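Engineer: with the input below, show me the fold.
(chains A and B)
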Amino acid sequence: MATKQILSPLPGTFYRKPAPDKPPYKSDGERIAAGEVIGLVEVMKSFNEVKADIAGKLVKFLVENEDAVMAGQPLAEIEAES
Amino acid sequence: MAIKVNVPGLATTVQDLGRPGYYHLGIPLSGAMDRFALRAANMLVGNDEGAAVLEAVFMGPELEFTSDAMVAVTGAELPPKVDGELRETWASFRVKAGQVLSFDFLKKGARAYIAISGGVDVPVVLGSRSTYALGALGGHEGRKLQAGDQLPVGAISKSVKEGLSVPAALRRGPTNIAELRVLTGLYWHRITDAAGNQFFEDVWKVALEADRIGYRFKGGKPLEFVPRTPPFGAGSDPSNIVDACYPYGSIQIPGGTEPIVLHRDAVSGGGYFMVGTIISADMDLIGQLQPHTPSKFVAVDMKTALAARRDRAAMLDKVRTALS
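Structural biologist: Have a look, this model is predicted:
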């Protein structure tokens, strides 16, 4: 089964939740559809959604909530649906 | 000829060398945040040095060409791709009609300059094609690019060879710790000697609120102010002053906590004290700083600032010689 990493498109701060008082978009082990949001990257006063480009199982997040991330840094691992 | 914007990127704007002469009326300089990179990109494709190019921050656009053109990408290491095939940065490459220019993930720096032979031919507003998005002025419809935009491109004035490149020693990229040289200013006396020393000793980090208007820095110790009775017209906060002009490159520290360096799209005046001004030779470097980059402010005198400016001009002359 192929696993694929979701990479951060931007440098900034990664958030796993849409708002501080909301639950995370996704948890480790959860099913995910192509196009679903896994988190936000904040930079230059804007919040940019990061989406899964394939459907499958979100194996695990590779960064913590509010971690500083670089462009191209892996954020999460997805096991593609066979 | 026109270029079709398939995907705009984060905040891609049309910029040239800027719109000086109107700052006293509240209209900022605008123009490329890294003007050295803009000049080099234009030289690589045979344009006038100050022709309008695209400034892409952190993330590249996807552009579809409707006729053949020479293209160069300078500034940040944002690897260009033609129909998916990688090309070099700081070098000229051909894009044929129907081909798509896209970009890989950002490797280094923050802002890439995409020059196209003929230049981006949007209307000149107050002497410049630069975008001032806050004022909805200049550029393409006064705003950052959107999907579906058609960008007009001018006539090619001089044809150049493919594969022309800027020698590696003449490309200035960010270092591990950014050192930003500062001339202290009129309001330096507002902070204590201890706070002044601390300001230069601390390692700051570029904050997420860093854009064309200003670059904010975080992580240093709050500054201690010299006690005073606020003059008429200044607020009660010790960092307030009677409203004054804000120079390009000036460093204001609202509340004494987070320094903000004003850049190309800054407001021209206000009521925060300024500890000093970043020297002109280091303003391009600021435009290449990513969020979280460790940065230090380094005190210099006027003589050093002028020498640094001459060095920058000499480096640009070397690029001109190398590419002529």
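Engineer: contacting residues for the closest residue to chain A within the stretch 51-200 of chain B?
Structural biologist: The nearest approach of the stretch 51-200 of chain B to chain A comes at B:Phe105, 3.3 Å away (Cβ to the nearest Cβ). (Each C-beta comes from the backbone N, C-alpha and C, glycine too.) By Cβ atoms under 8 Å, 6 or more residues apart in numbering or on different chains, the contact set of B:Phe105 is A:7, A:9, A:71-72, B:79.
Engineer: of those residues - the most surrounded one?
Structural biologist: Neighbour counts for those (other Cβ atoms under 10 Å in any protein chain shown) peak at A:Ala71, which has 23 neighbours.
Engineer: if I pick the nearest residue to that one once chain neighbours are set aside, what's in contact with it?
Structural biologist: In space, and not counting its chain neighbours, A:Ala71 is closest to B:Leu106: 3.9 Å by Cβ to Cβ, 6 or more residues apart in numbering or on different chains. Contact partners of B:Leu106, counting by Cβ under 8 Å, 6+ apart, are A:10-11, A:71-72, B:58-59, B:76-78, B:290.
Engineer: hmm, back to that, from the contacts of B:Phe105, which is closest to B:Asp282?
Structural biologist: A:Ala71 (23.5 Å; Cβ to Cβ).
Engineer: can you read off the pLDDT for that closest one?
Structural biologist: In this model, A:Ala71 is scored at 92, pLDDT.
Engineer: distance of A:Gly35 from chain B?
Structural biologist: Distance, A:Gly35 to chain B, using Cβ to the nearest Cβ, to the nearest Å: 16 Å.
Engineer: next one: that residue from A:Lys51, what distance?
Structural biologist: Per Cβ to Cβ, to the nearest Å, A:Gly35 is found 5 Å from A:Lys51.
Engineer: then B:Ala76?
Structural biologist: For B:Ala76, the distance to A:Lys51 - Cβ to Cβ - is 24 Å.
Engineer: who has more neighbours, these two?
Structural biologist: Comparing B:Ala76 with A:Lys51 by other Cβ under 10 Å, the one with more neighbours is B:Ala76, at 29 against 15.
Engineer: are we agreed that that one is in a strand?
Structural biologist: Yes: applying DSSP: H, G, I helix; E, B strand; the rest coil, one finds B:Ala76 inside a strand.
Engineer: just give the nearest non-adjacent residue to it, would you?
Structural biologist: In space, and not counting its chain neighbours, B:Ala76 is closest to B:Gly109: 3.1 Å by Cβ to Cβ, 6+ apart.
Engineer: and what of B:Lys296?
Structural biologist: Leaving aside its chain neighbours, B:Lys296 sits nearest to B:Glu179 (5.4 Å; criterion: Cβ to Cβ, 6+ apart).
Engineer: dump the residue contacts of the one you found.
Structural biologist: If you count contacts by Cβ under 8 Å, 6+ apart, B:Glu179 has them with B:282, B:295-296, B:298.
Engineer: which bits of chain A sit near chain B?
Structural biologist: Counting by Cβ under 8 Å from any Cβ of the partner chain, the residues of chain A close to chain B are A:7, A:9-13, A:42-46, A:48, A:68, A:70-72.
Engineer: 10 Å instead, please
Structural biologist: Counting by Cβ under 10 Å from any Cβ of the partner chain, the residues of chain A close to chain B are A:7-13, A:41-46, A:48, A:68-73.
Engineer: and the residue nearest to A:Ala71, which of the three is it?
Structural biologist: Per three-state DSSP, B:Leu106 ends up coil.
Engineer: so what's B:Ala136 up against?
Structural biologist: Residues in contact with B:Ala136 (Cβ atoms under 10 Å, 6 or more residues apart in numbering or on different chains) are B:142-143.
Engineer: for it, phi and psi?
Structural biologist: phi 50, psi 50 (degrees, to the nearest 10).
Engineer: follow-up on the earlier one: helix, strand, or coil at the residue nearest to B:Lys296?
Structural biologist: B:Glu179 is classified as strand under three-state DSSP.
Engineer: just the pLDDT for it.
Structural biologist: Reported pLDDT for B:Glu179: 95.
Engineer: got the buried residues for stretch B:244-260?
Structural biologist: B:244, B:246-254, B:256, B:258-260 (16 or more other Cβ atoms under 10 Å in any protein chain shown).
Engineer: which of those residues sit farthest apart?
Structural biologist: Across the buried residues of stretch B:244-260 (Cβ to Cβ), the longest gap, 22.4 Å, separates B:Tyr248 and B:Gly256.
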